[in-house]
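Participant: Need coordinates for the following:
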Amino acid sequence: MAGGGGVSHGRRCAALGELLRAVRDALIHRRELPSRGSLRPEIEKSWLRCVASGVNPESLAPRYSLPQRSESQLLRASGKVIQQRVQELADPSTSLLLADRNGLVLEIWSGDKDLARELDRSHSAPGYIMEESVVGTNGVGTVLEDGLPVRIAGGEHFADAWQDYTCVGVPIRHPITRKLRGVLNLTARYDDANHLMPPYAMLAAQEIEQQLYLHGTAPTSVDSIE
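Facilitator: Numbering: from 1, shown residues only. Predicted coordinates for the structure are as follows:
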């Protein structure tokens, strides 16, 4: 899934990153609203929520927790789908991350060990909670806030630690009740990202929802009705 590179591309990316940081800093320190067109609407709404919550973009401090029993079905339904999707990726320099409805990272899969270590250092690892109100605009917490798929590219992340990456987050819903069960997140380094990421992540999320239906038990089961 790698995208094209090159010196000129790198310079444009760096310039865009600097521009977005200037917009963010003006919003944080001077409460200056972004000028029209400087941010996509979904990113602007997220940044405004981040400022209202007092998120510090220079320091990531997500809460840590253990998975709850009620999320075991989500893991079971997702495992086979994600393993297959990881094997199908033409470029291993991507990762798939599964989080529950509270933003708690349940598992992460990656064919790139270096990328996996980078993400682990930035707390994109099992046990951490990716709440937008704590860690800023990201492909888990922002999906949970809006209930919609989102693509966050480079400097659109509110936190400095994630600005070298592009991520696509897609909600996973119960196939019958349509209640939010979790989030599937596809992440690549900024220079490796391309336009195929959103449809790829959305298809994988749909397959997980189908597996949730097939794994459903009795109507009284916590896993099957939530």
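Participant: for this protein, what's the longest helix?
Facilitator: The helix of greatest length in the chain, counted in residues with DSSP state H as the criterion, is given as helix 7-30.
Participant: Buried residues, that helix. List them.
Facilitator: By neighbour count, with 16 or more other CB atoms under 10 Å as the criterion, the buried positions of helix 7-30 are 13, 17, 20, 23-24, 27-28. For the C-beta atoms, the positions are set from N, CA and C on the backbone; glycine is no exception.
Participant: tell me what the helix or strand following it is packed against?
Facilitator: Where DSSP states H and E defines the elements, the next helix or strand beyond helix 7-30 is helix 41-53. Counting contacts by 3 or more CB pairs under 8 Å, 6 or more residues apart in numbering; DSSP states H and E, helix 41-53 is packed against helix 7-30, helix 132-135, helix 141-146.
Participant: among those, which is nearest Glu107?
Facilitator: helix 141-146 (16.7 Å; CB to CB).
Participant: And the helices and strands packed on helix 41-53: which comes nearest Trp109?
Facilitator: Proximity to Trp109, assessed across the helices and strands packed on helix 41-53 by CB to CB, is greatest for helix 141-146 (18.1 Å).
Participant: Check which helices and strands the closest one is in contact with.
Facilitator: Contacts of helix 141-146 with other secondary structure elements, assessed using 3+ CB pairs under 8 Å, 6+ apart, are made with helix 41-53, helix 132-135, strand 150-153, strand 165-173, strand 180-189.
Participant: what is the rounded mean pLDDT of the longest one?
Facilitator: When pLDDT is averaged along helix 41-53, the result is 97.
Participant: and the following helix or strand past that helix, what other elements does it pack with?
Facilitator: Of the helices and strands lying after helix 41-53 in sequence (DSSP H and E), the nearest is helix 72-88. For helix 72-88, the helices and strands in contact under the criterion 3+ CB pairs under 8 Å, 6+ apart are strand 94-100, strand 105-110, strand 180-189, helix 197-214, helix 222-225.
Participant: Mean neighbour count and distance to Ser35 for the ones you listed - can I get that in a markdown table?
Facilitator: Listed next are the helices and strands packed on helix 72-88 as a markdown table, based on neighbours: other CB atoms under 10 Å; distance: least, CB to CB, whole Å:
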| stretch | mean neighbour count | distance to Ser35 |
| --- | --- | --- |
| strand 94-100 | 25 | 33 |
| strand 105-110 | 20 | 35 |
| strand 180-189 | 25 | 29 |
| helix 197-214 | 18 | 26 |
| helix 222-225 | 16 | 46 |
